[in-house]
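Asker: Show me how the following folds:
(2 chains)
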Amino acid sequence: MKLKYLLFIIFFPLMVLGPAAVGLIAYQFIERTTFEKLTLLNDMHTTDFIGLHVESRNQTLIKNKLDGYPSYVNAYKKEVLLEVKQSYEHYDGSFLIFDKTFDKWFYKEGYLKGDPQAQLSAIGFDIIDGVNVVKIGPERYIYSKHVFSPWGWEIYGIYPLSMTSGLLHEIGFAVFWVCAFILVLLFVITSFIYRYLFLNPLTKITQFSENVSMLKLDNKLEIESPTEFAVLSRSLETMRVKLNDNLEKIEAANEDLSEFSYRTSHDLKSPLTASKQLAQYVLEDIESGNLQEATSSVERIFNQMSKLESLVDDVLSLTRVDLVKERDEFFDIHDLLDEVTAKVNAFYHAEQCVLTMTVDMDDTKIFGQRVRYKQIIENLVSNSFKYKDVAKKQCFVTVTMKDNDHDRITLEVEDNGVGIPTAYHHQVYDMFKRFHPQLSSGSGLGLAIVKKHVDKLKGYIKFETSDQGTRFTIQIKRNE
Amino acid sequence: MIIGRFLLMCLLAFALNAEARKILIVETLQVPIVTTHTKQVITHLQRLDNQLEIEVFDGKGQSAIIAAHIQEKLACRCFDLLIANGTLAAKIGKKLLANQGIPMVFVTVADPEGAGLTMGDNSSSHFITGRAYSVRRGTKLEIVNQLFKNDKVNIGIVATTYPAALTDIRRIEVIAKQYKNIQLTKKVIEYQDVSNASLDDTYLAAYQAASAIQSQVDFFWSVNGPLSEKSEFVPAMSILKPILYGANIRSVQQGALFTVIPDPEWTGKEIAKIVVKILSGTPASKIEIRSASKNILAFNVKTATSLGVVIPFSLLKIAGEHVYH
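Answerer: Prediction:
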């Protein structure tokens, strides 16, 4: 089930029940206070009436010494009774006056339903929920009673309960609409909050996830709030970037692997095919008794196998670059260079190139992976010997180690060989690339191996080349 | 604030050091309402400006006396402002002060328009202002109606040809037509003010006229004018028939059932303010002529009870302290 439906199911009853409960409680409270307020209002109204019309007249009579004059008292009583017959525009209550002297009721004509005289003679007083109620005929009224002794009057201010109910209905109606408004408002607010805080971020994350699953890694994920989603989006975005980088690396590596597999297979197959054919020739030569030819073919088979062996060695060297697990160790560069010199002399003794090793370092002890340094120097020197320029009188190869910058070690291998043709400069570190196949039958992996080792050492390699020769410069950060 | 106070002090000092202004009050006749007004005006004038010099002159109800005194004072320019207390004094003052550059304020004048004191279409009254001594006649008759409900009331009016009296009678007659239960019977006597003796004759004739009509009426009514204002009026007329409406508070105290008149103290206060305003530079023509803004309603309860009349609460309440026994 979708989150929005789930949230709706959970929150909607709360949003309905909440305002409903509030409304119910409010109504109960308002009902109670309404009765109290109406009672109070009725009492105030009655008190005001008495003060304004009855007491003020009596005071005037007393002040002017007319309270002993029956004509004045009666005349003023009549004036009050006229006031009782008035209607009040904003008040539905009225007054009853019981004259104890005459045992007679006075009231507003038309206010009491039915036969007022009969009903008033059977008037019933009661208290309901703490409210003074009087029953006159079929109607019940809230009442407030005051006794005015100077005139022998009982004055009642009355307010119909039916109007109270009507009033309560109006209040209830108003409360209902207020609650409904609150409900709608809550709904709108929560919807907005839900959409803004939850739905939008989740939608973005969902879309992002779908894109990642389909390896569409170009679109960024940006969520700024709420904080939790923002943190998640940043993590996902980092994941996307790394995934993108790794994907590119994987693709590049796949390409390299494909080419590697192709070239390896091709170069491996070539000597095997040749050897197979030569073996056939040997058999034929032996059958024909041509031993000399057979010997020549065997020698050629031997050469092909040597090439094959060399190729396999180079492939193994290339793969070992990634598999070197040797720890960093201290070694002396002089010892390393001596080893390289010995090996090169043993291998290329017939080449008659002058190999010079120069060390210009304050501290000849290097902390690093010895095997990598060794292979770098061996391969570069080996290339220099292989690609010497026979047209030049004397070939030379110079290896220089420097540490002018104490943080870095600089290795230079310079020769006066045939150089690298300009057209191949961008392919110098590619696998299986040979730019002078007529000069050497190598595998074309030498510089690729050097580049890999330099990368593993987090170093930097560059070269300068011409038909005068080539100089490779490698800079490696000295490990602490 | 400080600068304002300083300026006020300077102005006050200047005012104090300035020459005192002279006020002449001319009373038509020293009847209670006139003297009451004079007293109230002087009280409030002295409260507002105690540097004023005030002279009061009794005209004794005679035009010649009034005119002579004003002319005498005019010749020496012995007053800066005239307060004419009563219609006769106001009319004479208007005539003598025209184009003299001296303003006049009238009081105790029932009908300023009838007396020619309002500006109207001509500008000859531009130096005159004041307060009319009048209450709407409709108010008085409405009170009668409330007192007697719809009972028939025959009212006798005995008055002189004093201008204010004639105007009053005319207006009451118009309004009385609206009340079917009110009947008016009038007798008008020539007002002669040549001398004190002629005045006394006038009053005697009036009383005789009242005797002549007493059988036709239930009550007598006091109209504006010196006759009603006389302190002997109510006692003398009451012998014949009760006085329904009295000219002033004293009349009610003497036995008239009720009166409603402009409040003399309030009128005195208003007149004093007008005088100070004019002396400060406001032209009299800029001050509106109107009735006093506060009235007094007074009842004599003893008269009411003897007549079997119950004064309604609403009226008794308005009368306040002016309920007499």
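
Asker: only C-alpha atoms for contact and neighbour calcs from this point on.
Answerer: OK.

Asker: from memory B:H37 sits against B:W266, does it?
Answerer: No - using C-alpha atoms under 8 Å, B:H37 is not in contact with B:W266; the gap is 9.5 Å.

Asker: Neighbours of the residue in the stretch 101-250 of chain B that chain A sits nearest to, how many?
Answerer: Relative to chain A, the nearest point of the stretch 101-250 of chain B is B:L147 (11.7 Å; C-alpha to the nearest C-alpha). Number of residues near B:L147 (other C-alpha atoms under 10 Å in any protein chain shown) recorded here: 17.

Asker: now the residue nearest to it when sequence neighbours are not counted, what's its secondary structure?
Answerer: Of all residues not flanking B:L147 in the chain, B:I311 sits nearest, at 6.0 Å (C-alpha to C-alpha, 6 or more residues apart in numbering or on different chains). Assigned by DSSP: H, G, I helix; E, B strand; the rest coil, the conformation of B:I311 is coil.

Asker: can you pull the pLDDT of residue 169?
Answerer: Because you didn't say which chain, this covers chain A. pLDDT recorded at A:H169 is 73.

Asker: try chain B instead
Answerer: Predicted confidence (pLDDT) for B:I169: 90.

Asker: Mind listing residues that contact the helix or strand hosting it?
Answerer: Element membership for B:I169, per DSSP states H and E: helix B:163-176. Outside helix B:163-176, the residues within contact range by C-alpha atoms under 8 Å, 6 or more residues apart in numbering or on different chains are B:87, B:109-111, B:114-115, B:137-138, B:141, B:157, B:159-160, B:182-184, B:223-225.

Asker: From those residues, keep the buried residues only.
Answerer: For these, a neighbour count by 16 or more other C-alpha atoms under 10 Å in any protein chain shown gives the buried set as B:87, B:109-111, B:115, B:137, B:141, B:157, B:159-160, B:182-184, B:223-225.

Asker: Might one say that B:A206 is in contact with B:T161?
Answerer: No - judged on C-alpha under 8 Å, B:A206 makes no contact with B:T161 at a distance of 10.8 Å.

Asker: Have a look at B:H37 and B:W266 and say which one is more surrounded.
Answerer: B:H37 (24 against 19).

Asker: pLDDT value on the closest residue to chain B within chain A, please?
Answerer: Going by C-alpha to the nearest C-alpha, chain B is nearest to A:Y72 of chain A, at 6.0 Å. For A:Y72, the pLDDT comes out at 92.

Asker: Next, count neighbours for it.
Answerer: 22.

Asker: and the residue lying closest to it once chain neighbours are set aside, how far is that from A:N132?
Answerer: Leaving out its chain neighbours, the residue that sits closest to A:Y72 by C-alpha to C-alpha, 6+ apart is B:V310, at 6.0 Å. Going from B:V310 to A:N132 by C-alpha to C-alpha, to the nearest Å gives 39 Å.

Asker: Between those two, which is the more surrounded one?
Answerer: Neighbour tally, B:V310 and A:N132, criterion other C-alpha under 10 Å: the higher count belongs to B:V310, 21 against 15.

Asker: what about chain B, any weak spots by pLDDT?
Answerer: B:1, B:4, B:6-18, B:119-124, B:194 (pLDDT under 70).

Asker: residues from it in reach of chain A?
Answerer: Within chain B, the positions adjacent to chain A are B:V310, B:I311, B:P312, B:F313, B:L316, B:K317, B:V323 by C-alpha under 8 Å from any C-alpha of the partner chain.

Asker: wait, which of the residues you listed is closest to A:R32?
Answerer: B:F313 (40.8 Å; C-alpha to C-alpha).

Asker: That closest one against A:Y76, yeah?
Answerer: Yes - using C-alpha under 8 Å, B:F313 is in contact with A:Y76, at 6.8 Å.

Asker: Now for A:S209, how many residues are close by?
Answerer: When neighbours are counted by other C-alpha under 10 Å, A:S209 comes out with 17.

Asker: other SSEs contacting the host helix or strand of it?
Answerer: Assigned by DSSP H and E, A:S209 belongs to helix A:200-213. For helix A:200-213, the packing partners by 3 or more C-alpha pairs under 8 Å, 6 or more residues apart in numbering or on different chains; DSSP states H and E come out as helix A:227-288.

Asker: angle of the helix it packs on against helix A:200-213?
Answerer: Going by axes from the mean of the first three to the mean of the last three C-alpha atoms, to 10 degrees, helix A:227-288 is angled at 0 degrees with respect to helix A:200-213.

Asker: Could you identify the helix or strand that succeeds helix A:227-288?
Answerer: Counting by DSSP H and E, the next helix or strand C-terminal to helix A:227-288 is helix A:291-323.

Asker: The one helix or strand A:V381 maps to: what's the following helix or strand?
Answerer: Assessed by DSSP H and E, A:V381 sits inside helix A:370-386. Once the chain leaves helix A:370-386, the next helix or strand it forms, by DSSP H and E, is strand A:396-402.
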